[in-house]
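>>> Here you go, sequence then predicted model.
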Amino acid sequence: MQQLKKKGLLFIALLFTISSYAQYTKINDDPDASYKTAKEYWQKEQYSLAYPIFKSLINTTNTESTIPAHIQAECKYYVIVCGLLLNDESVVQSAINYINIEYNGARVGIMSFHLGEYYYRKKDFKTANTYYEKATIENLTNHEIAEMKFHQAYGYFTTQDFAKAKTLFNSIRQLKDDKNYIDANYYYGFILFYEKKYKDALESFKIVESNQSYQNIVPFYIAEIYYFNGERDKAIDYAKKALQKGNQYYDIQLKQLIGHALFEKRNYNEALPYLEEYVNKSNKVRREDLYELSYCYYEASKWEKAINGFKQLGGKEDSLAQNSMYLLADAYLKVGDKAGARNAFLFCASNSSHAVQKEVSLFNYAKLSYELGYMDIALKELKTFISTYPKSSFINEARELQVAVLANTSNYKEALALFDALPQQSENTKKIYPKILYGRVVELINDQQLNEADEMLTTLLQIPYNAQYVQFANFWKGEIAYRNSKTDEALDFFLKYLKKPETNGEVNKDNAHYNAAYCYLKKENYTTALDLFQQVVIEVSPSSALIIQDAYIRSADCYFMLKNFTQALKMYDEVINQNLSQADYAMYQKAIIAGANNKPLEKISILQNIPIRYPNSSLVVEAYLEVANTYLAEEKWSDAIPYLEKVMNDKKATAFHPQVYLKIGIAYFNLSKNQESLNTFKNLIVKYPNSPESDDAVEYIRKLFIEDQKPGEFVSFMRANGKTVSYVEEDSLTYKAASLRYEARDFPNALRGFAEYLSKFPDGRYSIEANYFSAEINVSNKNYVAAHPFYNAVVAKSPNIYAERSALQSARIYYFDNKDYSNAEKYFQKVKELTTQQENKLEAMRGLLRCQYKLEKWTEALPNAQDLLKEKGIATDDKMMANMIIAKNYQLNNNLNEAITAYKSVIAIAKSEFSAEAQYRIGEILLLQNKLKDAEKAGMEVIKKFGSYEYWVTKSYILLGDIYFAQKDYFNAEATLKSVAENATIPELKQEAQTKLAKVIEEKNKANKVEHQ
């Protein structure tokens, strides 16, 4: 079988060879005959038959060919032309070469024609025209000339070279019998239409309008020509008839034309279906088309459809945009959507195309802002309107609205500024002034701006129509005076309030009694203090408010100070048995009473129980100290030392370390453990050289060195640690001179004296005192900048008797005056370490927390916030900030629901910047949770209720923009962010709004029906 296959293949190969040889022989024997045959095929336009023969005549490889050279040359020409006619790409390069090197001009012209035709068929019109331009018509048939002109014209048409195309099309349309006559008229008419030569264009279009190829195309152009020529009715009629015929290529364009023409005739009802179909079937439309459709909807009272159309037409500064927004606002009002109408008026008011519409829109934007609760914007826009349009027909209403806004605003800060700027204040305006002033006072108090609040309260007490707020003002004047340690002044205001108490939140009779009681407590008038505390509370339980529990224990303290130990013990036991918030303190007081009753063992037993029962109590250290003091008083030196060491080992009790070192040293001294005593005293002086305890230790150290017969080492040790053995007389006299001036309240000369002392003795014996009194003089002159370095110098040598107050004053200056929160944090921390007073400890904790808040140290602030909430007597703003820290940590850890709960607790406490931020954060979280409606409500709450806090109000407007964007409500998103971008005064928020506005506009343009222009 394999053998047969091989033989078969050999036979085919031989057959092929013989056939080829026979063909070659035939051609070679009679080439003229083959050439004639090929020419006959050529003349009959049978190019596919001629092509192989021509090719065979030039492809022979026989060197002894008898085919004449001229026949081969002819055949080469025909091979290329046949190849082009048959679209054989392989001959294209040969054709190009032929054109470039052949000397036969006629043949080159014909070849250029055929190459042009080849490219025409390939739709490469630019290249086709290049070769048409090289062709010569002398050797072309009339048919070929006409074809070339049409093809050349079409090529120019497609490349938009209409001038050349028009001339060629015009020449062809002169030949009515030409097959391209109809097509030439169409394209010629189209070019004339493009050139707005409508009369001549119509003539050409009329020739082709009945042609089957164009009868569904040219009616649109003819109808447009009628319209452009001002024959509107004729255009409508012609277009309607074309639509009736059906199958129109420009079906929706014809409907657009009809709708547009009818719209111009104000026949909105009839125009509507045509415009509606055009817009609905188009991906993008012109702004004018959408406006006309929307207006038709508006006239037909189809408000929702009108709204959907009009709101896509904002964002431009032309009359169409302004009119669209004006009508949109009215449509929104028709459906009761004031928020939408407000934003539409905003767009209209920012457009200057129509002055009247701008004026009306600005007024309505302000009015709707007031009605919807955007009081901050209403205030601003009414002010702008009144100053811009003083003669407007709306001016009286605008002024009345301005007063109404002032009366209802939550933006007391802006309202005060506006009130002060009013050229004249009507009686109605004066009547609402006390409300605005009081509202701002409460905000300032909650924001810890006590001095500014106090000044406003003084004004409030002096202005007319203030009767409703007088008692509230007396209460807060008392509160501020108390916080500023002005006890007598505070008491005076609280007693004024209590003569005719009125209630408003924190302002109430219980709080006034409670605060007045504390004033008497400070004045050591325990009887009156007790009476006032007992007006707050008689009985107490674990469910009682903290103020009630504190009043109860302070009542017990009053009995204690009045030496009614029986009643005091009874009340302390009640606190302990019910495990109330100050049970540890009650137990401590019981121990003190036991000591007062000369029962040291009972006292010690109670004190020892405090760390066991209340291990986290802040009184554990004081309990250890009191045990040690009791043992020391009984000269049980060894028993005292372990308790003192417990305090020494407590890193949180550094404020007590100097006295602990001193007491341990004394104990060892009395136990005749001289070396241990000396080492302890040395540690005291080295670690706390400026503390009063280190001065007290000097005499013990002197005795120990002398007993050891080392007086020289004593002198060296003292000098090495800044303790002079006998101070220089000049040091003492220089300080004493300045000190006498200070005591005589001759502060200018005292300040100069202290400066002289410090220049001579910067590390002198009295350098701490000189620095401290210099600081105090400057503070009395309200020169805080000058005071600051003196306070810092005192703190640098802490602990000392002035270090605690100096650290507190430095912290305050850094925080309130310098806004240097990092250094303020450092000094508040120092106060916390140094203080043994509850009031200063509380201020240090709240100051530290505020600094950490400002520095956004949420994690570090958390334990401080939790500790602060456990403190008794903390203020409202302390509670708010502490809860804010807790909420922020929840949010930071993505515990969003817990964060919302914590933020709500801040808002429930009082109104302040904290509650403004808390409300904003709730909206922010709800947006993250995709609860968009709830997020919008939360954002609006900030705007309506916290108007004085510009930062958070502005952030809330941006939040609303984000919410609308998430809802794909690009109109309201754009309006909201546009307002912020144009009016925000805080640069970073202005930039944020601008960035987000650009994104909204980008997405709006993608989604809108309107084509982007």
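That came in fine, so what should we check first?

>>> Okay, buried residues for stretch 535-555 please.
Across stretch 535-555, burial judged by 16 or more other CB atoms under 10 Å covers 535-537, 540, 544, 546-555. C-beta here means a position set from N, CA and C on the backbone, and glycine is covered the same way.

>>> scratch that, stretch 923-931
923-927.

>>> Looking at those, which are in strands?
Assignment to strands by DSSP state E places none of those there.

>>> May I ask which two of the buried residues of stretch 535-555 are separated the most?
Farthest apart among the buried residues of stretch 535-555 by CB to CB are Q535 and L546. That separation is 17.4 Å.

>>> quick one: low-confidence parts of the stretch 601-750 of the chain?
705-716, 718-730, 733 (pLDDT under 70).

>>> how deep is the spatially closest residue to G105 that is not a sequence neighbour tucked in, by neighbour count?
Nearest residue to G105 in three dimensions, chain neighbours excluded: T136, at 7.2 Å (CB to CB, 6 or more residues apart in numbering). When neighbours are defined as other CB atoms under 10 Å, T136 has 13 of them.

>>> Helix, strand or coil: sort out T136 for me.
coil (DSSP: H, G, I helix; E, B strand; the rest coil).

>>> my guess is K509 meets K500, correct?
No. Contact criterion CB atoms under 8 Å: K509 and K500 do not qualify, at 10.4 Å.

>>> the more surrounded of the two?
Ranked by neighbour count (other CB under 10 Å), K509 and K500 place K509 first, with 15 against 9.

>>> Return the residues in contact with that one.
For K509, the contacting residues are 498, 501, 503, by CB atoms under 8 Å, 6 or more residues apart in numbering.

>>> Sticking with G315, tell me its helix or strand.
Under DSSP states H and E, no helix or strand contains G315.

>>> can you pull the contacts of the residue nearest to G105?
With CB under 8 Å, 6+ apart, T136 has these contacts: 105-106, 109-110, 112.

>>> Report the buried members of those.
By 16+ other CB under 10 Å, those give 109-110, 112 as buried.

>>> These in helices, which ones?
Counted as lying in helices by DSSP state H, out of the buried ones among the contacts of T136, are 109-110, 112.

>>> Include pLDDT and distance to P464 when you put those into TSV, please.
Below are those laid out as TSV (pLDDT from 0 to 100; distance: CB to CB, whole Å):
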residue	pLDDT	distance to P464
G109	90	107
I110	91	109
S112	92	103
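
>>> Switch these over to a markdown table; also include distance to A331.
Formatted as a markdown table, those follow (distance: CB to CB, whole Å):
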| residue | distance to A331 |
| --- | --- |
| G109 | 70 |
| I110 | 71 |
| S112 | 66 |
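
>>> Nearest to K126, out of the residues you listed: which one, please.
S112 (15.0 Å).

>>> Quick check, F157 in contact with G189.
No. Between F157 and G189 there is no contact under CB under 8 Å: 11.9 Å.

>>> Could you check which of these two is surrounded by more residues?
G189 (29 against 20).

>>> so how far is L254 from G246?
Look at G246 and L254: by CB to CB, to the nearest Å, they are 11 Å apart.

>>> Which of these two has more residues huddled nearby?
L254 (23 against 8).

>>> Show the contacting residues for the residue nearest to the more buried one when sequence neighbours are not counted.
Of all residues not flanking L254 in the chain, A239 sits nearest, at 4.7 Å (CB to CB, 6+ apart). Going by CB under 8 Å, 6+ apart, A239 touches 219-220, 223, 254, 257-258.

>>> what about 6 Å?
223, 254, 257-258 (CB atoms under 6 Å, 6 or more residues apart in numbering).

>>> tell me the two of those that are most distant?
It's A223 and I258 that sit farthest apart of the contacts of A239, by CB to CB, at 8.2 Å.

>>> Could I get the CA-only coordinates of whichever strand or helix holds V795 as PDB?
Using DSSP H and E, V795 falls within helix 784-796. Only the C-alpha atoms of helix 784-796 are listed here, as PDB (Å, rounded to 0.1, in the frame of the first residue of the first chain):
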ATOM      1  CA  TYR A 784       0.500  87.100  81.000                       C
ATOM      2  CA  VAL A 785       3.300  87.000  78.400                       C
ATOM      3  CA  ALA A 786       5.700  88.600  80.900                       C
ATOM      4  CA  ALA A 787       4.600  86.400  83.800                       C
ATOM      5  CA  HIS A 788       5.000  83.200  81.900                       C
ATOM      6  CA  PRO A 789       8.800  82.700  82.100                       C
ATOM      7  CA  PHE A 790       8.800  83.600  85.900                       C
ATOM      8  CA  TYR A 791       6.200  80.900  86.500                       C
ATOM      9  CA  ASN A 792       8.200  78.400  84.400                       C
ATOM     10  CA  ALA A 793      11.300  79.200  86.400                       C
ATOM     11  CA  VAL A 794       9.500  78.300  89.700                       C
ATOM     12  CA  VAL A 795       8.200  75.100  88.200                       C
ATOM     13  CA  ALA A 796      11.700  74.200  87.000                       C
END
